[in-house]
Structures are given as structure tokens and as C-alpha cells.
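1. Need a 3D model of the following:
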Amino acid sequence: MPLRPCLDCGTLTAGSRCRACARPIEVEYTRRKRERRPYTNAERERREQAVAEHRSTHGDWCPGWQRPPHETTDLTADHVYAVASGGAEDGELTVLCRPCNSAKGATGG
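-> Sure, this is the predicted structure:
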């Protein structure tokens, strides 16, 4: 990919903005997202409980998302049906490792 000037500072970069200029935009995006749908303490505890129950039953194993099950210590809980795709805020949770959860995105299961 050819280098081109950052839209904000003019530094040559592979994307539209250099890392330093992109960071504040990402921070603001995340802040706005949390304002729209904040994770309450109860939701954090519900997710922690889901991960704890998964660990007590299966240990540190991710069931995998479009890949075979694998061992990991970085487990996270997320909605089976993504809220972004119309799932309920208090809907069923599933446990995956962070990379599998990221790969799943908002596909909704």
C-alpha cells in the first residue's frame, strides 16, 4: 500500500490518519458508544459470572468461533445474539476467547 499524507498532520502513513491523529478519534468514538449503551456494574458482574461458570465446567478452553476449540486464559463473555443486531441487552451470554469474540463481531451468532 503506498504511503500518503495523514488527513490531520500530513505525516506519511499507510492509512488515512497516522496513529497519533487516529487515537483521539478512536477515544471519542468509544466514549460516545458507551454513552449510548453503558455497561452497568450488574452487567459486568453477569459477564464475570458467566466466565467463572465456564471455567469451573470447562477450564481455560475456548469453544472456538469458526475454528477448533483451543486453550486460552483470555476468556470473555458476550451476547449470543449481538445487541447491535437486535439481540436483547439481558440476553443469553456465550464465552469465547478475546480473538474469537472479535472475529465474531456483530454477526449475531
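2. Can you list the residue ranges for strands in the chain?
-> 4-5, 12-13, 61-62, 70-71, 75-79, 93-97 (DSSP state E).
3. Tabulate the ones you listed (a markdown table), appending distance to Arg31.
-> (C-beta placed from N, C-alpha, C; glycine too.) Supplementary listing: the strands of the chain in a markdown table, determined by distance: least, Cβ to Cβ, whole Å:
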| stretch | distance to Arg31 |
| --- | --- |
| strand 4-5 | 27 |
| strand 12-13 | 24 |
| strand 61-62 | 29 |
| strand 70-71 | 33 |
| strand 75-79 | 21 |
| strand 93-97 | 25 |
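4. what's the closest of those to Lys33?
-> Relative to Lys33, the nearest member of the strands of the chain by Cβ to Cβ is strand 75-79, separated by 14.9 Å.
5. Quick check: the gap between the closest residue to Gln66 other than its chain neighbours and Glu43.
-> Computed as Cβ to Cβ, 6 or more residues apart in numbering, the closest residue to Gln66 that is not its neighbour in sequence is Ala103, at 6.8 Å. Relative to Glu43, Ala103 is positioned 22 Å away (Cβ to Cβ, to the nearest Å).
6. cool, Cys18 as well?
-> When Cβ to Cβ is the yardstick, Cys18 and Glu43 sit 35 Å from each other.
7. Who has more neighbours out of the two?
-> Set side by side, Cys18 and Glu43 give different neighbour counts by other Cβ atoms under 10 Å, the larger being at Cys18 (18 against 15).
8. ok, and what's touching stretch 58-65?
-> With contacts defined as Cβ atoms under 8 Å, 6 or more residues apart in numbering, stretch 58-65 is touched by 69-73, 75, 95-97, 100-101, 103-104.
9. what ranges of this structure fall below the confidence cut-off?
-> Counting by pLDDT under 70, the ranges of the chain that qualify are 37-38, 106-109.
10. which stretches of it form helices?
-> Using DSSP state H, the helices of the chain run over 19-36, 41-58, 98-104.
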